[in-house]
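Visitor: Sequence and predicted structure below; questions after.
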Amino acid sequence: MFDSLIETWRRIIIGEYKSWALFSNGTCVILAQPEVDLRRQAVEMMKAYGPVHAGAPAGDFSVITLDDDPGWVVTSHHPDILTYVSPDEVAEQRNDLVIGLLGRSKRDLDAAELMVIHVEDSRGVITQ
């Protein structure tokens, strides 16, 4: 079920040697300074920076249209927390506001559920 999402993130993440964790609703945490327990580190980052607070920096987002994959990446106020939005998730009205709000709500849900579905270290080794 999550395999295509994992493969999409493998293509989205630019540059080699990055550690990252993927949450069940499509939010990816890039672990720029990886610690020993990547899963715990990603969960702690989501607890601190994942919840949405409208009207505050935690509610801010930008939308990046992907060149090599269908869909978009929605950024957050933390540069290493990103959420993928598939074209299948968006109705006919596909503008940055609609896509961004959806991505932001997915990030907020991931911050509430904290369900990590995949972790890779900087060597591409799955560390689950």
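Guide: That came through fine.

Visitor: Flag the shaky bits of the chain, pLDDT-wise.
Guide: Flagging of the chain using pLDDT under 70 yields the residue ranges 1, 124, 127-128.

Visitor: nearest spatial neighbour of Met46, skipping sequence neighbours?
Guide: Ala111 (4.9 Å; CB to CB, 6 or more residues apart in numbering). Using the backbone N, CA and C atoms, a C-beta is placed for each residue, glycine as well.

Visitor: what sits against that neighbour?
Guide: Shown in contact with Ala111 (CB atoms under 8 Å, 6 or more residues apart in numbering): 27, 46-47, 50-52.

Visitor: just the strands in this protein please.
Guide: Ranges of strands within the chain are 19-23, 27-31, 63-65, 72-75, 81-85, 116-120, based on DSSP state E.

Visitor: Please list the members of the contacts of Ala111 that lie in helices.
Guide: 46-47 (DSSP state H).

Visitor: which of the contacts of Ala111 lies closest to Arg94?
Guide: Minimum distance to Arg94 across those is 20.1 Å, recorded for Thr27 (CB to CB).

Visitor: And the residue nearest to the closest one when sequence neighbours are not counted, how far from Gly100?
Guide: Spatially, and ignoring its direct neighbours in sequence, Thr27 is nearest to Asp110 (4.1 Å; CB to CB, 6+ apart). Using CB to CB, to the nearest Å, we find Asp110 at a distance of 15 Å from Gly100.

Visitor: Just put the strands of the chain in JSON lines and tack on distance to Asp3 and mean neighbour count.
Guide: Below are the strands of the chain laid out as JSON lines (distance: least, CB to CB, whole Å; neighbours: other CB atoms under 10 Å):
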{"stretch": "strand 19-23", "distance to Asp3": "11", "mean neighbour count": "24"}
{"stretch": "strand 27-31", "distance to Asp3": "15", "mean neighbour count": "23"}
{"stretch": "strand 63-65", "distance to Asp3": "23", "mean neighbour count": "15"}
{"stretch": "strand 72-75", "distance to Asp3": "19", "mean neighbour count": "22"}
{"stretch": "strand 81-85", "distance to Asp3": "14", "mean neighbour count": "23"}
{"stretch": "strand 116-120", "distance to Asp3": "9", "mean neighbour count": "19"}
